[in-house]
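Asks: give me the fold of what follows.
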Amino acid sequence: SNDEQSGALEALEPPLGLECLEIGDYIGKMPVWHLNTEYTKLHSLKLERPHLWEKLISITSLKVLNVINCPALCEIDSTPAFEPLKVEECCSLEQFPHHMPALKWLDVALCDSLEQLPDRRPALKSLMVWACDGLKALVNMPALESLEVSYCDCIEHLHDMAALKSLMVRKCDRLKTLADMPALESLE
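Replies: Residues are numbered from 1 along each chain as shown. Below you'll find the model as predicted:
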């Protein structure tokens, strides 16, 4: 049952020295121990099918986050150390945190409620967006070097990407504008 799973994960509080954690097929609520600020070594977290988690609280040491099939997730707290961030099948997620200065790679797929992605990310080099039907534009990404956009039915504009070298666009039927990409070397 849901209560039994919640109790089990709560009782399995990981050791404070843990560096990587994966949680899968969990139907309970978020455990209280994740609020513990003493997890200073946890740098990688993978969550797959945590069905009832609505918000991910910041763990300041976290550098790698993968969230897959989390339909209730509405919010991800800002974590300044994120480098790669992968979010798939989070249909309730509407936006990303604004403060992610170290973010280098962002992969987003099947997040239909997502209306915008963080712009002006100083370190963001690679962005992959797949089947995010709420997105209408990707703009103001000055450090971005590689962009892949696929099956985004509502996206209309891609512009202001001064460092962009590689652009791949597939099945984005409403795309109208590609502009301000002076470094572009490859277009597919």
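
Asks: from start to finish, how long is stretch 48-66 in a straight line?
Replies: 8 Å (CA to CA, to the nearest Å).

Asks: quick one: residues contacting residue 23.
Replies: The contact partners of residue 23, by CB atoms under 8 Å, 6 or more residues apart in numbering, come to 9, 46-48, 50. C-beta here means a position set from N, CA and C on the backbone, and glycine is covered the same way.

Asks: looking at the residues you listed, state which has the most neighbours.
Replies: residue 50 (24 neighbours; other CB atoms under 10 Å).

Asks: surely that residue meets residue 26?
Replies: Yes. Judged on CB atoms under 8 Å, residue 50 makes contact with residue 26 at a distance of 4.8 Å.

Asks: quick one, helices of this structure?
Replies: Assigned by DSSP state H, the chain shows helices spanning 2-11.

Asks: shaky segments in it?
Replies: 1-12, 31-39 (pLDDT under 70).

Asks: which residue ranges form the strands in it?
Replies: Using DSSP state E, the strands of the chain run over 20-26, 44-50, 55-56, 64-68, 75-76, 84-88, 105-109, 126-130, 137-139, 146-150, 157-159, 166-170, 177-179, 186-187.

Asks: of all those, which one is nearest residue 97?
Replies: strand 75-76 (5.7 Å; CB to CB).

Asks: how many residues are close by residue 53?
Replies: 23.

Asks: how about it, what does it touch?
Replies: Contacts of residue 53 (CB under 8 Å, 6+ apart): 29-30, 47, 70, 72-73.

Asks: quick one: which of the residues you listed has the most company?
Replies: Neighbour max across the contacts of residue 53 (other CB under 10 Å) = residue 70, 25 neighbours.

Asks: and the nearest residue to that residue once chain neighbours are set aside, how close does it get to residue 68?
Replies: Of all residues not flanking residue 70 in the chain, residue 90 sits nearest, at 4.9 Å (CB to CB, 6 or more residues apart in numbering). Distance, residue 90 to residue 68, by CB to CB, to the nearest Å: 8 Å.
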